[in-house]
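Colleague: I'll drop the sequence and a predicted model, then ask my questions.
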Amino acid sequence: LVNAIATQIGVALIQAEAYANLQDLNEQLEALDRTRSNLVAITGHELRTPLSTIQVCLESLASEPDMSPELRQVMLNTALEDAERMRKLVQDFLTLSQLESGRVEWNIEALDLQECVELSLSNVRARHKGTALPKIENHVKDELPLVRADGEWLVEVLAKLLDNACKFTSQEGKITLEVSSQTPYQLEVTVADTGRGIEPKRLETVFDRFYQEEGALRRSAGGTGLGLAICRQIVRGWGGKIWAESQGKDHGSQFHFTIPIYGDQMPKEPSQPTMR
Ligand code: ADP
């Protein structure tokens with residue numbers, strides 16, 4: 001009888017545990033579903049705003065044949081700018097989803113960091129052609145050890161951090177690129193600017209999807225609010241971390257990320273980084 005009772009108690013305990021696990025799983029699924037709905041709502045909102053502007057512009061152009069040529073040009077430019085914003089948003093959103101879902105095939109190889117830095121600098125300069133940029137100082141030394149990362153994505157992260165630094169720093173300001181080695185296994189890359197800075201409480205949130213401090217004014221600064229979220233996923237892809245520091249508003253920002261040093265298992269010859 002004692003054995004039978006013990007067995008019953010054992011079965012009841014297993015059932016209770018299974019029930020608790022099921023409850024946990026249910027809660028996790030509900031949380032996942034809430035995240036998914038939030039994401040769809042935010043993305044929908046982000047896309048609807050430029051779409052509405054395009055619609056208003058096109059409606060005015062269609063319904064007012066006597067519109068002055070100047071106003072017509074303004075309407076066309078506004079519609080084109082918002083169409084470009086939508087394109088960037090969709091592209092960044094797809095990149096982020098691809099990275100988050102683990103569907104990216106990483107091409108991890110031995111890379112010369114200095115070459116990647118040079119390539120990102122020329123990408124950024126080409127993108128900002130015609131606009132005066134703050135002074136950019138490259139302090140990355142030539143004789144660094146090779147790093148272990150995906151070259152295309154590494155150039156993407158560097159270019160995004162440089163783009164942001166250019167965007168949030170006045171022409172009189174300065175941007176500095178530096179590399180230090182904190183441990184024998186990894187290098188730390190820093191993109192520092194003397195621009196508008198970030199409030200301490202925002203240093204983590206800047207890496208969230210769609211975070212943009214300027215809120216309603218965001219379109220004047222361009223951008224999708226997805227760039228740093230993409231950078232975080234890329235850096236995680238090679239096992240590094242990324243973080244921001246700032247001495248507060250108008251005192252500049254520093255973005256740092258780590259990157260592993262090439263190990264013995266890697267090929268000896270560095271590969272050329274390529275343009276994405
Ligand atoms: P985007 O640049 O497209 O707005 P990001 O994800 O790259 O989106 O950046 C998110 C936000 O973080 C920016 O809108 C800005 O508010 C803040 N931020 C990013 N880089 C800097 C910087 N160098 N200086 C000050 N603020 C920055």
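Modeller: Yes, it's here.

Colleague: what's the next secondary structure element after the helix or strand harbouring Lys88?
Modeller: Assigned by DSSP states H and E, Lys88 belongs to helix 69-100. Next along the chain after helix 69-100, taking DSSP H and E as the criterion, comes strand 108-111.

Colleague: next secondary structure after that next one?
Modeller: helix 113-127.

Colleague: in CSV, list the C-alpha atoms belonging to stretch 68-79.
Modeller: Only the C-alpha atoms of stretch 68-79 are listed here, as CSV (Å, rounded to 0.1, in the frame of the first residue of the first chain):
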residue,chain,number,x,y,z
SER,A,68,2.8,76.9,-59.8
PRO,A,69,5.9,75.1,-61.2
GLU,A,70,7.7,75.9,-57.9
LEU,A,71,5.0,74.3,-55.8
ARG,A,72,4.8,71.4,-58.2
GLN,A,73,8.5,70.8,-57.7
VAL,A,74,8.2,70.9,-53.9
MET,A,75,5.4,68.4,-54.1
LEU,A,76,7.4,66.1,-56.3
ASN,A,77,10.5,66.3,-54.2
THR,A,78,8.6,65.6,-51.0
ALA,A,79,6.9,62.6,-52.6
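
Colleague: what's in contact with that stretch?
Modeller: Residues from elsewhere that reach stretch 68-79, judged by Cβ atoms under 8 Å, 6 or more residues apart in numbering: 53-54, 57-58, 60-61, 67. For glycine as for every other residue, the C-beta is placed from the backbone atoms N, C-alpha and C.

Colleague: any buried residues in it, and which?
Modeller: By neighbour count with 16 or more other Cβ atoms under 10 Å, stretch 68-79 contains the buried residues 75, 78-79.

Colleague: which member of these is positioned nearest the ligand?
Modeller: Closest approach between these and the ligand, by Cβ to the nearest ligand atom: Thr78, at 19.3 Å.

Colleague: so is stretch 93-106 next to the ligand?
Modeller: No - Stretch 93-106 does not reach the ligand (Cβ under 6 Å from any ligand atom); its nearest approach is 10.1 Å.

Colleague: what's that stretch in contact with?
Modeller: Applying Cβ under 8 Å, 6+ apart, the contact partners of stretch 93-106 are 43, 150, 153, 209, 224, 226, 229-230, 233-234, 237-238.

Colleague: what mean pLDDT does it have?
Modeller: Averaging pLDDT along stretch 93-106 gives 88.

Colleague: got the end-to-end distance for that stretch?
Modeller: Using Cα to Cα, to the nearest Å, one end of stretch 93-106 lies 19 Å from the other.

Colleague: for the host helix or strand of Glu27, packing partners?
Modeller: Assigned by DSSP H and E, Glu27 belongs to helix 2-63. Under the contact criterion of 3 or more Cβ pairs under 8 Å, 6 or more residues apart in numbering; DSSP states H and E, helix 2-63 touches helix 69-100.

Colleague: now the helix it packs on against helix 2-63, angle please.
Modeller: Orientation of helix 69-100 against helix 2-63 (axes from the mean of the first three to the mean of the last three Cα atoms, to 10 degrees) gives an angle of 160 degrees.

Colleague: quick one: helix 69-100 to chain centroid distance?
Modeller: 18 Å (Cα atoms, centre = their mean, to the nearest Å).

Colleague: what residues of stretch 39-51 count as buried?
Modeller: Buried residues in stretch 39-51 (16+ other Cβ under 10 Å): 43, 46, 50.

Colleague: is it anywhere near the ligand?
Modeller: No - on the criterion Cβ under 6 Å from any ligand atom, stretch 39-51 is out of touch with the ligand, staying 11.1 Å away.

Colleague: what is the mean pLDDT for that stretch?
Modeller: Mean predicted confidence for stretch 39-51 is 79.

Colleague: what does that stretch contact?
Modeller: Residues from elsewhere that reach stretch 39-51, judged by Cβ under 8 Å, 6+ apart: 82-83, 85-86, 89-90, 93, 209-210, 224-225.

Colleague: any chance of those residues in CSV, plus neighbour count?
Modeller: Converted to CSV, the contacts of stretch 39-51 look like this (neighbours: other Cβ atoms under 10 Å):
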residue, neighbour count
Asp82, 20
Ala83, 15
Arg85, 22
Met86, 19
Leu89, 20
Val90, 14
Phe93, 20
Arg209, 20
Phe210, 16
Thr224, 21
Gly225, 19
